[in-house]
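Engineer: Pasting a predicted model and its sequence here:
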Amino acid sequence: MVLKVFSDKSSLGKAAAQKAAAAIRSAIRDRGQARVIAATGTSQLEFLAALTESRDVEWRLVELFHLDEYIGLPAAHPASFRKILLDRFVNKTGIAKFHPLDGEARDLSEVIRQVGKALASAAVDIAFVGVGENGHLAFNDPPADFETEEPYLIVNLDEACRRQQVGEAWFGDISQVPKRAISMSVRQILKAKEILAVVPESRKAQAVKACFEGEISPRAPASILRTHPNANVYLDKESASLLSSALETSA
């Protein structure tokens, strides 16, 4: 795993977009397509905006998988991850094949089965992820399940996770935040050939320190990224502010 620190959220987003675009172009050049997992949330918005401006990517050859989604939240809600991915990524690029997670479906097990089957059918070239204020990876809150091989899980969201969503202004108060979600499993994320974690802002600093300087543990779910041979964690000066080790710093 490689940690890089950038001067601010904007420069982080642009550098991460360049890294992501290069991985997608490489996969298309080698195999004729790229399989990508994408995260959402406030921390990902600058990155996704910069990535959609990558004109030299053949987006029609990209197959996109959904990292996680709330259960019971309407697709039209501003916090819906389906809506965010469609509005800010898929529709802007012309990605032809997108596998959304329908958190409103009557049979959630069938949603998980279908998308999980498509996901497991071939290797994923790159996964874009974030790190939660509680250290979560996707919606795998602590203590995360590091063992299951299931591609997707139905998970209960802890209070810290739900309060983060209120703090990011997606919801008016915690009573509005769903208590359950569909999440890609930790082991499924780790199967991606490359992982790019985009983690800006001071509110993530404690989680960054716990996950990348503390013990690799289900209680710090994103710490598992340290076991991946091709994981890159992009921080800004604020999110890296509590780290004690020397890091590669970029402008």
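Structural biologist: Received the coordinates, thanks.

Engineer: got the contact list for stretch 81-99?
Structural biologist: 38, 40, 45, 48-49, 51-52, 57, 59-70, 75-77, 100-103, 115, 118-119 (Cβ atoms under 8 Å, 6 or more residues apart in numbering). All C-beta spots, glycine's among them, are computed from the backbone N, C-alpha and C.

Engineer: List the ones among those residues that fall in helices.
Structural biologist: Using DSSP state H, the members of those that fall in helices are 45, 48-49, 51-52, 115, 118-119.

Engineer: Are any of these buried, and if so which?
Structural biologist: Buried by 16 or more other Cβ atoms under 10 Å: 48-49, 51-52, 115, 119, out of the ones in helices among the contacts of stretch 81-99.

Engineer: Which parts of the stretch 151-251 of the chain are strands?
Structural biologist: For the stretch 151-251 of the chain, the strands defined by DSSP state E, counting those that start in this stretch occupy 152-156, 180-184, 194-199, 231-236, 248-249.

Engineer: just so I know, which of these lies nearest Arg219?
Structural biologist: strand 152-156 (15.3 Å; Cβ to Cβ).

Engineer: and the longest helix seen in the chain, what other elements does it pack with?
Structural biologist: Looking across the chain with DSSP H, the single longest helix is helix 9-31. On a contact count with 3 or more Cβ pairs under 8 Å, 6 or more residues apart in numbering; DSSP states H and E, helix 9-31 meets strand 2-6, strand 34-38, helix 45-52, strand 126-129, strand 194-199, strand 231-236.

Engineer: which residues touch stretch 169-178?
Structural biologist: Residues contacting stretch 169-178 (Cβ under 8 Å, 6+ apart): 42, 70-73, 78-79, 103, 157, 159, 162-163, 165-166.

Engineer: Give me the buried positions along that stretch.
Structural biologist: Under 16+ other Cβ under 10 Å, the buried positions of stretch 169-178 are 170-171, 177-178.

Engineer: can you redo the helices and strands packed on helix 9-31 as TSV with distance to Arg219 and mean pLDDT?
Structural biologist: Shown next, in TSV, are the helices and strands packed on helix 9-31 (distance: least, Cβ to Cβ, whole Å; pLDDT from 0 to 100):
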stretch	distance to Arg219	mean pLDDT
strand 2-6	20	96
strand 34-38	24	98
helix 45-52	27	96
strand 126-129	18	98
strand 194-199	18	98
strand 231-236	18	98
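
Engineer: Export these as CSV, with columns for distance to His136.
Structural biologist: Formatted as CSV, the helices and strands packed on helix 9-31 follow (distance: least, Cβ to Cβ, whole Å):
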stretch, distance to His136
strand 2-6, 19
strand 34-38, 16
helix 45-52, 18
strand 126-129, 10
strand 194-199, 12
strand 231-236, 15
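
Engineer: So which helix or strand of the protein has the lowest pLDDT on average?
Structural biologist: Ranking every helix and strand in the chain by mean pLDDT, DSSP states H and E puts strand 248-249 at the bottom, with a mean of 54.

Engineer: roughly how far apart are Lys179 and Ile71?
Structural biologist: From Lys179 across to Ile71, the span is 8 Å (Cβ to Cβ, to the nearest Å).

Engineer: How about Arg226?
Structural biologist: Here the criterion is Cβ to Cβ. By it, Arg226 lies 30 Å from Ile71.

Engineer: Any idea which residue is closest to the centre of the chain?
Structural biologist: Val129 (2.4 Å; Cα atoms, centre = their mean).

Engineer: As CSV, the strands of the stretch 151-251 of the chain with mean neighbour count and distance to Phe6 would be great.
Structural biologist: Output for these, formatted as CSV (neighbours: other Cβ atoms under 10 Å; distance: least, Cβ to Cβ, whole Å):
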stretch, mean neighbour count, distance to Phe6
strand 152-156, 19, 31
strand 180-184, 24, 26
strand 194-199, 24, 10
strand 231-236, 24, 5
strand 248-249, 10, 8
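
Engineer: Of all those strands, which one comes closest to Leu12?
Structural biologist: Of all the strands of the stretch 151-251 of the chain, strand 231-236 sits nearest to Leu12, with 4.8 Å by Cβ to Cβ.

Engineer: Kind regards, and thank you for your time.
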